[in-house]
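In: structure for the following, please:
(one chain, ligands or ions: 2)
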Amino acid sequence: MIQAFLISPDEIRHRFAAAMSAMYQSEVPQYTTLLELVEQVNRETLEANPSLAERLAEADELARLDVERHGAIRVGTADELGMLRRLFAVMGMYPVGYYDLSEAGVPVHSTAFRPVDDAALARNPFRIFTSLLRLELIESEALRERAAAILAERDIFTPGVRELIALHEQQGGLDDDQAERFVVEALETFRWHHDATVDLATYEALHAEHRLIADVVCFRGPHINHLTPRTLDIDEVQRRMPAAGMNPKAVIEGPPRRDCPILLRQTSFKALEEPTRFQGECQGTHTARFGEIEQRGVALTAKGRELYDRLLTASRERTQGLDNAAHQQVLAEVFADFPDSESALRRQGLAFFEYRLTDAGRAADKVAEADLETLIERGLVSARPITYEDFLPISAAGIFQSNLGGGDNGAYAGNANRAAFEAALGAPVADELALYAERERASRDAVLQALAS
Ligand code: OOG
Ligand code: NI
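Out: Ligands and ions are numbered 1, 2, ... in the order given. Just a heads-up that it's a prediction; the model follows:
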């Protein structure tokens, strides 16, 4: 029985994302500065581009333009990851995608906990990119054991959140009051701690292996390490960051600026050096937290993704060491080979679209035609790009590296292990391409069926 007093997981996620944003703004004032800059650029972009404003208003996007799109954490053990899966399920966030970052010299693998269905994404798309440290990739056995022993000592969840998660599983949801308490308790897991759980020597030993290991192992919890609002003009925000007192990462990750945006473009201000107290009354610093922005485009099919990966690889030989302006210039040249109109993306099967009846389509008598492109030409059906809701491993690696230092560390490479990740998670991760394909297929079937009857 579905109990009437239970509130929607989407509502809990919405409240949680708002609470997380408030907490992060109070913890990292520079993040507030980033939000202000994004808001200003978004406003100017809309003013200069009334048709964009109209489209966003039609799609009901204007009101929630300012809500954060994602954040990220890094955890240390299988138990922590497994419990997080149950915590995120309370908010309708499920693991989608497997990302192997070992390839890029970062000893983690990751998934994104995110809403999956259309209505949930439309309500609030908030996701958490979640990485699991891979101690097995550390070469020194002594260091590996030391790190594991430290991690075994901590519990990153409050007793209250554990109870509420169990209650959610029993009842099939939470009521309003329980949801309020859940948000307060869950937030504790993501809070920053000024004091490390280890002495400076231990921190430095772990840090010397990889900064990320020190970040995961030496604190009481997996502090949220960034939040990410949506910008309507990422190039402009990147340009204006220095004047607003922020130190942007060297280049914007992902594809270049295009008429038909694809996948995901991201950049950030670089992680801040923050005062940290170590055991034994020793003062030092730790660098982990930053602010990021994103701009999303259409989700690509396997064929489109292959082309993207191929062009990105080709561009990388030419972009080494370039500043952002030159980097974007090279990308634009190389990506001239990626069709840049909606109809070409559709006809060549490079991107996913959602089909709908137009007013004429709704008014039409029985139509036997089953070819969508013909129906679009006849004005009976419209196609809307499906937004990419996931992440890009090479971009994620670029974000990790700009904040954690270090370049490629060949020692970790070639170590994808999805089975081990899913075993730690306690569930399989969903295949993102299958999700987009299913949405496209369902919309196509619905349109054809409506026209045929
Ligand atoms: C996660 C970096 C990846 C993104 O947007 O690709 C990421 C991290 O630094 O923990 O957030
Ligand atoms: Ni991110």
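In: what residues does the stretch 51-200 of the chain put near ligand 1?
Out: Within reach of ligand 1 by C-beta under 6 Å from any ligand atom, the stretch 51-200 of the chain has these residues: 72, 74, 129, 131. Yep, even glycine has a C-beta here, placed from its N, CA and C like the rest.
In: please repeat the previous calculation with a cut-off of 5 Å.
Out: Residues of the stretch 51-200 of the chain that fall close to ligand 1, judged by C-beta under 5 Å from any ligand atom: 72, 129.
In: show me where the stretch 51-200 of the chain has its strands.
Out: For the stretch 51-200 of the chain, the strands defined by DSSP state E, counting those that start in this stretch occupy 70-75, 94-100, 108-114, 127-133, 174-175, 195-199.
In: can you redo the ones you listed as JSON lines with mean pLDDT and mean neighbour count?
Out: Formatted as JSON lines, the strands of the stretch 51-200 of the chain follow (pLDDT from 0 to 100; neighbours: other C-beta atoms under 10 Å):
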{"stretch": "strand 70-75", "mean pLDDT": "97", "mean neighbour count": "22"}
{"stretch": "strand 94-100", "mean pLDDT": "97", "mean neighbour count": "22"}
{"stretch": "strand 108-114", "mean pLDDT": "97", "mean neighbour count": "26"}
{"stretch": "strand 127-133", "mean pLDDT": "98", "mean neighbour count": "24"}
{"stretch": "strand 174-175", "mean pLDDT": "97", "mean neighbour count": "19"}
{"stretch": "strand 195-199", "mean pLDDT": "96", "mean neighbour count": "17"}
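In: okay, those strands in JSON lines with distance to ligand 2 next?
Out: Below are the strands of the stretch 51-200 of the chain laid out as JSON lines (distance: least, C-beta to the ion, whole Å):
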{"stretch": "strand 70-75", "distance to ligand 2": "5"}
{"stretch": "strand 94-100", "distance to ligand 2": "11"}
{"stretch": "strand 108-114", "distance to ligand 2": "10"}
{"stretch": "strand 127-133", "distance to ligand 2": "6"}
{"stretch": "strand 174-175", "distance to ligand 2": "28"}
{"stretch": "strand 195-199", "distance to ligand 2": "24"}
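In: where does the chain dip in pLDDT?
Out: Within the chain, the segments meeting pLDDT under 70 span 1-4, 405-410.
In: next, the contact list for residue 7, please.
Out: 173, 174, 175, 176, 179 (C-beta atoms under 8 Å, 6 or more residues apart in numbering).
In: try 10 Å
Out: 15, 173, 174, 175, 176, 177, 178, 179, 180 (C-beta atoms under 10 Å, 6 or more residues apart in numbering).
In: of those, buried ones?
Out: For the contacts of residue 7, a burial check counting by 16 or more other C-beta atoms under 10 Å picks out 15, 173, 174, 178, 179.
In: which of those residues sits closest to residue 438?
Out: Minimum distance to residue 438 across the buried ones among the contacts of residue 7 is 24.9 Å, recorded for residue 173 (C-beta to C-beta).
In: from residue 5, how far off is that closest one?
Out: According to C-beta to C-beta, to the nearest Å, residue 173 stands 9 Å off from residue 5.
In: if we can go back for a sec, now the two most distant members of the buried ones among the contacts of residue 7.
Out: 15 and 173 (14.1 Å).
In: what's the closest non-adjacent residue to residue 62?
Out: Spatial nearest neighbour of residue 62, chain neighbours left out: residue 56 (5.0 Å); criterion: C-beta to C-beta, 6 or more residues apart in numbering.
In: residues contacting that neighbour?
Out: 42, 46, 49, 62, 63, 64, 65, 232.
In: okay, these in a markdown table with neighbour count and distance to ligand 2 next?
Out: Listed next are the contacts of residue 56 as a markdown table, based on neighbours: other C-beta atoms under 10 Å; distance: C-beta to the ion, whole Å:
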| residue | neighbour count | distance to ligand 2 |
| --- | --- | --- |
| 42 | 21 | 19 |
| 46 | 18 | 24 |
| 49 | 14 | 26 |
| 62 | 15 | 23 |
| 63 | 9 | 23 |
| 64 | 14 | 19 |
| 65 | 16 | 18 |
| 232 | 19 | 18 |
